[in-house]
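> got a sequence here, can you model it:
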Amino acid sequence: MNGPLALVTGGQQGIGLGIAEVLIAQGFHVAIASLPPVKDAGVRKALASLGPNASYYQHDLAEIAGIPALIEAIEKQQGPVHALIQNAGVAAKVRGDMLEITPENLNWIMGINLGGAFFLAQAVAKRMLATTSAHYRSITFVTSVSAELVSIERGEYCISKAGLSMAVQLWAARLAPHNIQVFEVRPGVIRTDMIEKVKDVYEEKAKNGLLPQGRLGDPVDVARPIRAIADGLLDYGTGTVLNADGGFHLRVL
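The predicted structure follows:
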């Protein structure tokens with residue numbers, strides 16, 4: 001390959017697809033890892049739009065035992081990963097009273113959003129430490145404003161993202177001596193299929209003061225800061241949290 005390689009989880013749709021598009025436009029090759037099979041219509045459509053610099057690997061983030069095979073396949077075909085963008089995640093299965101959260105639902109979301117993301121980063125970090133590269137190297141975790149903001153109807157989701165936020169700090173400290181930078185990007189309310197049913201409600205709330213910038217975000221609003229990270233433009237800022245939320249995180253009185 002002539003350009004650096006980025007591994008983007010969940011890169012066939014939504015925010016992940018926006019990230020893949022921006023990185024490819026910037027000269028990256030992108031390996032997408034996600035749950036649907038390659039024959040899935042959404043996957044085929046995404047690959048067709050992304051062009052020849054995108055490739056796809058089926059991977060279930062919850063299957064931690066499958067991570068070594070994933071990394072081995074990517075490296076065998078394309079070489080080492082220079083930028084990991086851990087974007088994939090799941091929402092709460094059921095919104096409702098925290099008093100009714102079940103162990104099964106809590107363990108399920110933690111296993112994917114926290115455990116799967118952590119161990120994939122661990123595997124990529126080990127490979128990075130075992131090799132040298134002329135390219136800048138980074139790991140970015142896409143979390144959520146829910147890492148800090150309270151949403152009691154989906155408590156298990158908030159907990160998983162808060163845990164991942166701490167993982168960012170830990171990985172940043174661990175890898176900084178090796179010039180591998182780690183960042184957190186926190187999206188707010190972004191126009192994707194995930195919010196399609198309630199998009200109009202959020203659009204109205206955004207205009208009425210929920211978001212200081214007055215509009216919902218688009219995937220490209222999350223992708224642009226990730227491009228800056230992957231390009232090394234923030235190479236003295238490891239551990240930084242970048243909010244891509246239209247000011248949602250601000251405490252405006």
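
> which residues touch the residue nearest to Gln78 when sequence neighbours are not counted?
With sequence-adjacent residues excluded and distances taken as Cβ to Cβ, 6 or more residues apart in numbering, Gln78 is closest to Leu5, at 5.5 Å. Where you see a C-beta, it was placed from the backbone N, CA and C, and this is true even at glycine. Under the criterion of Cβ atoms under 8 Å, 6 or more residues apart in numbering, the neighbours of Leu5 are Phe28, His29, Val30, Ala31, Ile74, Gln78, Gly79, Pro80, Val81, His82, Ala83.

> quick check: Leu5 vs Gly27, distance?
As for Leu5, its distance to Gly27 is 11 Å (criterion: Cβ to Cβ, to the nearest Å).

> try Gln213
When Cβ to Cβ is applied, the distance between Gln213 and Gly27 equals 29 Å.

> more crowded one of these two?
A direct count of neighbours by other Cβ atoms under 10 Å for Gln213 and Gly27 places Gln213 higher, at 14 against 11.

> what lies in contact with the helix or strand harbouring Val222?
In the assignment (DSSP states H and E), Val222 maps to helix 219-230. Residues outside helix 219-230 that contact it (Cβ under 8 Å, 6+ apart): 4, 6, 14-15, 17-19, 21-23, 26, 28, 82-83, 85, 136, 138, 140, 142, 181, 183, 185, 187, 190-192, 234, 242, 244, 246.

> could you dump the contacts of Leu5 to a markdown table with pLDDT?
Formatted as a markdown table, these follow (pLDDT from 0 to 100):
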| residue | pLDDT |
| --- | --- |
| Phe28 | 97 |
| His29 | 98 |
| Val30 | 98 |
| Ala31 | 98 |
| Ile74 | 98 |
| Gln78 | 95 |
| Gly79 | 95 |
| Pro80 | 96 |
| Val81 | 98 |
| His82 | 98 |
| Ala83 | 98 |
